[in-house]
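*Asks:* Fold the following and give me the result.
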Amino acid sequence: MIRILAKNPEGSISSDLNFQTLQVLNSRWYWADLSEPNDEEVKQLKQFFPLFHRQTKDTHHHSHRPQLKLFKDYYYVLLQVISPNTLKTHELYLYVGKRSIISFHDQNLKAVNDIWHECRTDEKLSREVGPDEVLRRLLNRMIDQYMMVANDLEDKIEDLDLNAKREPIHKLNRRVFQLRSELLSFRRVITPLMDIFNRMIGSAYIETTEEHELFLRNLNENLNRLTHMIESNLEITSDIRDSYLSLTTYRTNRIMQTLTVITTIFMPLTFIVGIYGMNFAYMPELTWRYGYFIVLGVMFLIAIIMYYWFRKKGWFDK
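*Replies:* Residues are numbered from 1 along each chain as shown. Sure, this is the predicted structure:
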């Protein structure tokens, strides 16, 4: 789907446009958004904007890292929009010029849709610099979603800590490793953005106003806070993981200790049973009237003595 938002020479906002009418309109600025485009729509974009290029995903990586490429008349930014519910990342390509901004995404992104409807119905936008304002709104919405994801991950960690005593250790370990994987994936999205915004602030190819530069610095501070949150949560999950692993090791050792005690107690009893289980023709004890009960008593006495000895040594202490 192709949709175009443009500011007319008269100063009003038009949204019912295509690439052909946009070339004739001589607009002051425009925003062209391609959502889930088909091959024909991609071909139209390449004819209108020959410098458009789109990276393809390879078989080893789910998505590309955020990146910035600077050119003479425009700059290209690849961002990753995160869905707060599923934590899946979706690529958003932005081509930003002095009088234009082109957004391209293979999936239908709610964040972009919300900003599109805001810009289309916001009369204030017609009195402001369009592309910079659209970019600021898109980046703001993206950072808001990042904050939602970070809060959701913190809630999951808190829930994990509260339910630690009610779930089996193997399920808790699985949840901890899943959370660590999500945090690491989230960090791979956040970290490159800080470098991108720093390059946008200091680049000679990008003309930024003082207001826009201040906005980018604020975004960088928010990303810095998000990075600290992620690092803190990674440390917490690492501590939880180590605690669970230590508890698992302790329980395993306790089980092995109990089995060792039981085996040790039965060793002399098995030895006695083995002796009297031999089929020799002459064994004096076989003719004793109370030999069977005497042997059982000796075996029981040995077991009791060994039990109290192990207990005295503290092997049955919890």
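
*Asks:* who does the helix or strand where residue 91 lies touch, helix- and strand-wise?
*Replies:* Using DSSP states H and E, residue 91 sits in strand 89-97. Contact partners of strand 89-97 among helices and strands, from 3 or more Cβ pairs under 8 Å, 6 or more residues apart in numbering; DSSP states H and E: strand 74-82, strand 100-105, helix 130-162. Heads up, the C-betas are built off the backbone N, CA and C, glycines and all.

*Asks:* For these, give me TSV that also has mean neighbour count and distance to residue 259.
*Replies:* Shown next, in TSV, are the helices and strands packed on strand 89-97 (neighbours: other Cβ atoms under 10 Å; distance: least, Cβ to Cβ, whole Å):
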stretch	mean neighbour count	distance to residue 259
strand 74-82	20	49
strand 100-105	22	59
helix 130-162	17	31
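
*Asks:* Tell me what residue 81 is bridged to.
*Replies:* residue 90 (DSSP bridges).

*Asks:* looking at it, it is touching residue 143, isn't it?
*Replies:* No. Counting by Cβ atoms under 8 Å, residue 143 is not a contact partner of residue 81; they are 10.9 Å apart.

*Asks:* Now render the helices and strands packed on strand 89-97 as a markdown table, adding mean pLDDT and distance to residue 188.
*Replies:* Below are the helices and strands packed on strand 89-97 laid out as a markdown table (pLDDT from 0 to 100; distance: least, Cβ to Cβ, whole Å):
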| stretch | mean pLDDT | distance to residue 188 |
| --- | --- | --- |
| strand 74-82 | 83 | 9 |
| strand 100-105 | 84 | 19 |
| helix 130-162 | 83 | 13 |
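
*Asks:* Strands of this structure, start to end?
*Replies:* Here the chain has its strands, by DSSP state E, at 2-7, 13-14, 29-35, 67-70, 74-82, 89-97, 100-105.

*Asks:* Save these as a markdown table, and put in distance to residue 183 too.
*Replies:* Formatted as a markdown table, those follow (distance: least, Cβ to Cβ, whole Å):
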| stretch | distance to residue 183 |
| --- | --- |
| strand 2-7 | 35 |
| strand 13-14 | 41 |
| strand 29-35 | 29 |
| strand 67-70 | 22 |
| strand 74-82 | 13 |
| strand 89-97 | 14 |
| strand 100-105 | 25 |
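
*Asks:* so which of the ones you listed comes closest to residue 219?
*Replies:* strand 74-82 (11.6 Å; Cβ to Cβ).

*Asks:* what's the closest one packed up against?
*Replies:* If you count contacts as 3+ Cβ pairs under 8 Å, 6+ apart, strand 74-82 packs onto strand 67-70, strand 89-97, helix 130-162, helix 169-202.

*Asks:* now for those, which one comes closest to residue 14?
*Replies:* helix 130-162 (12.0 Å).

*Asks:* Taking their axis directions, that closest one and strand 2-7 sit at what angle?
*Replies:* With axes from the mean of the first three to the mean of the last three Cα atoms, to 10 degrees defining the directions, helix 130-162 sits at 120 degrees from strand 2-7.

*Asks:* Of the strands of the chain, which is nearest residue 185?
*Replies:* Closest to residue 185 of those is strand 89-97 (Cβ to Cβ; 7.6 Å).

*Asks:* got a markdown table for the helices and strands packed on strand 74-82, with distance to residue 316 too?
*Replies:* A markdown table is the format used below for the helices and strands packed on strand 74-82 (distance: least, Cβ to Cβ, whole Å):
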| stretch | distance to residue 316 |
| --- | --- |
| strand 67-70 | 62 |
| strand 89-97 | 53 |
| helix 130-162 | 31 |
| helix 169-202 | 23 |
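
*Asks:* Looking at the ones you listed, which is nearest to residue 289?
*Replies:* The nearest among the helices and strands packed on strand 74-82, by Cβ to Cβ, is helix 169-202 at 55.2 Å.
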